[in-house]
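1. A predicted structure for the sequence below; I have some questions about it.
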Amino acid sequence: MITPTRKAPNLVLPTVYHSEFNLFNEEPVNFTMVIFIRGLHCPLCITYLKQMMKYLQTLKDIGVDYIIVSSDDKTRATQMLQKVGSTELRLAYDLDIAKAKEWDLFISKGRGKTSIGVDELDFFPEPGLFLIKPDKTIFSAYIQSMPFARPQFEDIINSLNFIIDKKYPARGNIN
């Protein structure tokens, strides 16, 4: 079970425009933000990544690295970044469902074409956002069973500023 202060599951995946991502090789100043998305078929994911683009420099300025993770293959992941209009975003692909389950993500079964005319994968993870400390322990987790009402980047940035400034501890680690 994903619990704050415990080691994060290992995560090693190829990316579309950047080198291979390996969570345990990351060296952020403060956090690595791991963002799991549903994939190319999801119009809300496209909108979410477009919103994220506005905050990339702010994240860098406060010492937060990031990776976006999808179960899409390389072709679909590349198409996703084309829809978002970015070669800058670091998007990993080929997340298998077993690995998604290690992150306690909810899994959905594909139901055909979505409202934007793209077929869903047979199985795919629902959204999740994790903050991972430099020591590779989980600081916080936002895990969703639906694509709606995701943590907004302005709220995340405001929270991160408070957490970093006040040295706020991880919470929710008692089972």
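-> Good, I have the coordinates. Numbers count the residues shown, from 1 in each chain.
2. Could you count how many residues lie near residue 35?
-> Residues within reach of residue 35, counting by other Cβ atoms under 10 Å, total 26. To be clear about C-beta, it is placed using only N, CA and C from the backbone, and glycine gets the same treatment.
3. what are the phi and psi values for it?
-> Note on residue 35: its backbone torsions stand at phi -110, psi 110 [degrees, to the nearest 10].
4. avg pLDDT for the longest helix that the chain contains?
-> Using DSSP state H to define each element, the chain has its longest helix at helix 153-166. Throughout helix 153-166, pLDDT has a mean value of 98.
5. per-residue confidence at residue 120?
-> So, for residue 120, pLDDT stands at 97.
6. next one: residue 174
-> Residue 174 is assigned a predicted lDDT (pLDDT) of 88.
7. what's the neighbour count on it?
-> Using other Cβ under 10 Å, residue 174 has 7 neighbouring residues.
8. how far away is it from residue 54?
-> Distance from residue 174 to residue 54, counting by Cβ to Cβ, to the nearest Å: 36 Å.
9. List the buried residues for the longest helix of the chain?
-> 153, 156-157, 160, 163 (16 or more other Cβ atoms under 10 Å).
10. Next: stretch 71-82.
-> In stretch 71-82, counting by 16+ other Cβ under 10 Å, buried: 71-72, 76-81.
11. That one: how far from the chain's middle?
-> Put simply, stretch 71-82 sits 15 Å off its chain's centre (Cα atoms, centre = their mean, to the nearest Å).
12. so which strand or helix has residue 141?
-> Assigned by DSSP states H and E, residue 141 belongs to strand 138-143.
13. I'd guess residue 52 is in a helix, am I close?
-> Yes - under DSSP: H, G, I helix; E, B strand; the rest coil, residue 52 falls within a helix.
14. quick one, what contacts the nearest residue to it once chain neighbours are set aside?
-> Setting aside the residues directly before and after it, residue 52 is nearest to residue 153 in space (Cβ to Cβ, 6 or more residues apart in numbering), at 5.7 Å. Each residue near residue 153 by Cβ atoms under 8 Å, 6 or more residues apart in numbering is listed here: 51-52, 54-55.
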